[in-house]
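Asker: Have a look at this fold, sequence not included:
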């Protein structure tokens, strides 16, 4: 499975793709230049239980660490991933 990121001036998303099929999508908005707000996560029902959503959150964490930015997870799913994984708290806003 491959996760692609599209980052536009004030919005962006991470898209999980498996063999040319969209497995999931997680959207975010920029809040200034040093923070993104994850606002929505969806997973294709065919990929349920395969950690697609979690892997997109982990990709966002890697992006935040590399870019020295913070994440505010307003999406309930993304927030649950952060709640269950204290090792990700370094990027929380």
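Answerer: All right, it came through fine. Because the structure is a prediction, the values reported are computed rather than measured.

Asker: Spatially central, which residue of the chain would that be?
Answerer: Centroid-nearest residue in the chain: residue 57, 3.5 Å away (criterion: Cα atoms, centre = their mean).

Asker: residues contacting it?
Answerer: By Cβ atoms under 8 Å, 6 or more residues apart in numbering, the contact list for residue 57 reads 26, 38, 41, 73, 77-78, 81-82, 88. C-beta here means a position set from N, CA and C on the backbone, and glycine is covered the same way.

Asker: and it, that's in a strand?
Answerer: No. Counting by DSSP: H, G, I helix; E, B strand; the rest coil, residue 57 is not found in a strand; it is helix.

Asker: Can you show me the helices along the chain?
Answerer: For the chain, helices defined by DSSP state H occupy the ranges 52-67, 76-84.

Asker: Of all those helices, which one comes closest to residue 3?
Answerer: helix 52-67 (4.7 Å; Cβ to Cβ).

Asker: buried stuff in that closest one?
Answerer: Neighbour-count burial for helix 52-67, with 16 or more other Cβ atoms under 10 Å as criterion, is recorded at 52-61, 63-64.

Asker: And those, which is closest to residue 13?
Answerer: Using Cβ to Cβ, the buried residues of helix 52-67 come closest to residue 13 at residue 56, 9.0 Å.

Asker: Quickly note the distance from that closest one to residue 32.
Answerer: 22 Å (Cβ to Cβ, to the nearest Å).

Asker: is it possible to export the helices of the chain to a markdown table including distance to residue 22?
Answerer: Output for the helices of the chain, formatted as a markdown table (distance: least, Cβ to Cβ, whole Å):
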| stretch | distance to residue 22 |
| --- | --- |
| helix 52-67 | 10 |
| helix 76-84 | 17 |
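
Asker: JSON lines for these, including distance to residue 15 and mean pLDDT?
Answerer: Formatted as JSON lines, the helices of the chain follow (distance: least, Cβ to Cβ, whole Å; pLDDT from 0 to 100):
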{"stretch": "helix 52-67", "distance to residue 15": "8", "mean pLDDT": "98"}
{"stretch": "helix 76-84", "distance to residue 15": "15", "mean pLDDT": "98"}
